[in-house]
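Novice: Here you go, sequence then predicted model.
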Amino acid sequence: AYTDVGREFTKSSEGGQLMRGCVSVAFVFVLVWACTMSNAAVPTGGMNMYEISTRPWLYNLTQKYNRPIQTLAAIPLSEIQDLKSVGIDIVWMMGVWELGNYGPNFDRTNSGLLQHYSQVLPGYTTDDIIGSPYAVVNYTCNPSLGSDDDIRILRKNMNKMGLLLMLDFVPNHTAVDCPWTNSTPAYYIQAPKGSSPPYNPQVYYLNGLAYGGMGWGDPWWDTLQLNIWNPETRAIRTQQLLHVASLADAIRCDMAYLLINQVFGQSWSSQLNSWGWKQPATEWWSDAIQTVKASYPNTIFLAEVYSPYEPTLQSLGFDYTYDKQVHDRLGSNDLDSLRSWLTSNTPQYFQHAAHFVSNHDEQRGAAFFGSWWQSDAAALLSYTLPGLRFFWMGDFEGYKYQLDVHLRREEAEPAVPQVMPFYQSLLQIIGDPVFRQGAWKMLQVTESGSSDSSWRLIAYMWTYQNERRLCVVNYSDQQGWGDIVVPNAVPVNGNDTIPVTDLLSGQTFYRSAKQMQTAGLTVGINSWYASIFKY
């Protein structure tokens, strides 16, 4: 157990007031896979996903076990079981596909990248630079990790444990040295017809194929841009997606929104018009996902996407879409903006949203939010919302140093001892069926007495069968008080006085169900924390 400044437990027994407790117990448990899945294998409430950067993880395991662990086949199964034991449903093994020579060589010689490495990993060596996993040559297993059969065996072992395997798909571009760049250049965005070398080096590689990117800003210099308006490109990429689906239970699609017809047309209009490419009648994502699900109906699709294109990709068939708005609005400490986002979108939107405090593209939570306890507070809100609860290796340790995707390790730091028991407790709480299959609804917080601090609190409830939860989060630097009308509070066995248990502190209070339904429950929450009430 632990106690920290600003996170002590206090209690007032008068006036029905509750002050959130913060004692966190290190639970050891196994989460039972007990959700009723839809055809897409997505529960109505939420799932837990853990992202692993595969090659750095194997490097860490090599240090941990003091023996070479460099392939998928060598992974100790106990490491996978540990993830299941804390409540993870999906493991995203990021970066298993074959890379060429161009990308890693570029990553080892580009002056800007080298300067960045020196900042995030002082004292790095050339051996630490392993190449971006997003400059893919082919969707076969990276030979340094094993073979496609090794992926199949890993997936089989994970499935036996009740875990699903997620793999990457990078739809927008390929590595510069993908064989298609020579065999079938029409698969790519080409310099305008009639252009001749030398081409603009800020846009095109030496062969006149555009670097991968968004059509503006700096491109991804180790990649080349595919032309998704070419029917042949659409067909071959669908076949590759089918292959990935044959090896995985779930697929994370990199920068997925860039392939939306409108976005793609705006990004590459001059090149597309020059070569006479016309906007397809249908969206590639809709066609491709339907094709995959015809053969693999339970495949889960996750889209990396940024505002305002999340609803569009949900409508095209994605089971989950990034919701970075929650992350960024928490990071800006603008609770009005965050509250507006939560109330202006539907529960159905959030049911298909993916929430995180960090991932391989973002700063660590402790760095981005300002401290490990602020990151924990962000986690309490992010992971009690509906949808995909998205964890990143290092979250449970409270790390603050970035693991760059080009590198096999990050700067060494000790784990924060308070963070692991916090996540164990939180994962146990959100593992309950009410958070996996239940219905979620925002609630209003009003001023309590003379207090002028209800704006600090965000509240919502979950309901599933006879189970009910009230989540109240204080994502601010001072204590907050407020009254919350809880419409589904009901007497127990005819008794109006019902137990209200804070699952984070373990404290139980007794309150009038009628008062909770009418005047509301008065709640006080210390800074950077929450209460999750069972009632």
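Specialist: Received the coordinates, thanks. Residues are numbered from 1 along each chain as shown.

Novice: Do me a favour and get the end-to-end distance for stretch 518-534?
Specialist: Stretch 518-534 has its terminal residues 18 Å apart, counting by CA to CA, to the nearest Å.

Novice: Does Ser505 touch Ser531 like I think?
Specialist: Yes - judged on CB atoms under 8 Å, Ser505 makes contact with Ser531 at a distance of 7.5 Å. C-beta coordinates here come from the backbone N, C-alpha and C atoms, glycine included.

Novice: which residues sit in contact with the residue nearest the centre of the chain?
Specialist: In the chain, the centroid-proximal residue (CA atoms, centre = their mean) is Phe390; its distance is 3.5 Å. Residues in contact with Phe390 (CB atoms under 8 Å, 6 or more residues apart in numbering) are Met49, Glu51, Ala354, His355, Phe356, Asn359.

Novice: which is the next helix or strand following whichever helix in the chain runs longest?
Specialist: Looking across the chain with DSSP state H, the single longest helix is helix 231-247. Downstream of helix 231-247, the first helix or strand assigned by DSSP states H and E is strand 250-253.

Novice: counting contacts, what elements does that next one pack onto?
Specialist: On a contact count with 3 or more CB pairs under 8 Å, 6 or more residues apart in numbering; DSSP states H and E, strand 250-253 meets strand 90-94, strand 164-169, helix 231-247, strand 300-303.

Novice: if we compare the ones you listed, which one ends up closest to Ser195?
Specialist: Of all the helices and strands packed on strand 250-253, helix 231-247 sits nearest to Ser195, with 20.2 Å by CB to CB.

Novice: Find the helix or strand that Thr384 is a member of.
Specialist: With DSSP H and E as the criterion, Thr384 is inside neither a helix nor a strand.

Novice: contacting residues for it?
Specialist: Shown in contact with Thr384 (CB under 8 Å, 6+ apart): Ile430, Phe435, Tyr460, Trp462, Cys471, Val473, Ala530, Ile532.

Novice: same thing with Ile75?
Specialist: Leu58, Leu61, Ile69, Leu154 are the contacts of Ile75 under CB under 8 Å, 6+ apart.

Novice: do Pro311 as well
Specialist: With contact taken as CB under 8 Å, 6+ apart, Pro311 is in contact with Tyr349.

Novice: how much distance is there from the host helix or strand of it to the middle of the chain?
Specialist: Assigned by DSSP H and E, Pro311 belongs to helix 310-315. Here the centre of helix 310-315 is set off from its chain's centre by 16 Å, with CA atoms, centre = their mean, to the nearest Å.

Novice: can you pull the buried residues of that helix?
Specialist: By neighbour count on 16 or more other CB atoms under 10 Å, the buried set for helix 310-315 is Glu310, Pro311, Thr312, Leu313, Gln314.

Novice: about what we covered before: have a look at Ser505 and Ser531 and say which one is more surrounded.
Specialist: Ser531 (28 against 21; other CB atoms under 10 Å).

Novice: other SSEs contacting the helix or strand where the more buried one lies?
Specialist: Assigned by DSSP H and E, Ser531 falls within strand 529-534. If you count contacts as 3+ CB pairs under 8 Å, 6+ apart, strand 529-534 packs onto helix 372-382, strand 467-474, strand 497-502, strand 521-525.

Novice: Give me the contact list for that strand.
Specialist: Contact with strand 529-534 is made by 7, 18, 20-22, 373, 376-377, 380-381, 384, 429, 467-474, 500-505, 521, 523, 525, as judged by CB under 8 Å, 6+ apart.

Novice: Assign a three-state SS to Arg389, would you?
Specialist: Three-state call for Arg389 (DSSP: H, G, I helix; E, B strand; the rest coil): strand.

Novice: who's it bridged to?
Specialist: Asn48, His355 (DSSP bridges).

Novice: next one: Ser531
Specialist: Here Ser531, judged by DSSP bridges, has bridge partners Val472.

Novice: distance of it from Thr522?
Specialist: The spacing between Ser531 and Thr522, counted by CB to CB, to the nearest Å, is 12 Å.

Novice: again, but for Thr44
Specialist: To Thr522, Thr44 is 31 Å away according to CB to CB.

Novice: swap in Leu338?
Specialist: Leu338 is 23 Å from Thr522, by CB to CB.

Novice: How about the residue nearest to the centre of the chain, nearest residue that isn't a chain neighbour?
Specialist: Phe356 (4.0 Å; CB to CB, 6 or more residues apart in numbering).

Novice: and the one you found, how many residues sit next to it?
Specialist: There are 25 residues near Phe356, going by other CB under 10 Å.

Novice: rewinding a little: right, and the helices and strands packed on strand 529-534 - which one's nearest Ser425?
Specialist: Taking CB to CB, helix 372-382 is the member of these nearest to Ser425, at 10.4 Å.

Novice: quick check: mean pLDDT across that closest one?
Specialist: Averaging pLDDT along helix 372-382 gives 98.

Novice: State the distance from Val86 to Cys178.
Specialist: Noted for Val86: a distance of 38 Å to Cys178, by CB to CB.

Novice: Kindly report the same for Ala367.
Specialist: Taking CB to CB, one finds Ala367 at 34 Å from Cys178.

Novice: Quick check on Ser221: phi, psi?
Specialist: Actually, residue 221 is Trp rather than Ser. Main-chain torsions, Trp221, degrees, to the nearest 10: phi -70, psi -20.

Novice: Could you verify my assumption that it touches Asn105?
Specialist: No - the criterion here is CB under 8 Å, and Trp221 misses it with Asn105 at 11.5 Å.

Novice: Looking at the two now, which is surrounded by more residues?
Specialist: More neighbours surround Trp221 than the other of Trp221 and Asn105, with 21 against 15 (other CB under 10 Å).

Novice: Contacts only, for that one.
Specialist: Phe106, Asn110, Tyr211.

Novice: Now, those that are in helices?
Specialist: Mapping the contacts of Trp221 onto helices (DSSP H) picks out Phe106.

Novice: Filter the contacts of Trp221 down to the buried ones and express that as a PyMOL selection.
Specialist: In PyMOL syntax, the buried subset of the contacts of Trp221 is picked out as below (16+ other CB under 10 Å):
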select buried, resi 106+211
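
Novice: Show me which of the contacts of Trp221 is closest to Pro185.
Specialist: For these, the nearest to Pro185 is Tyr211 (14.0 Å; CB to CB).
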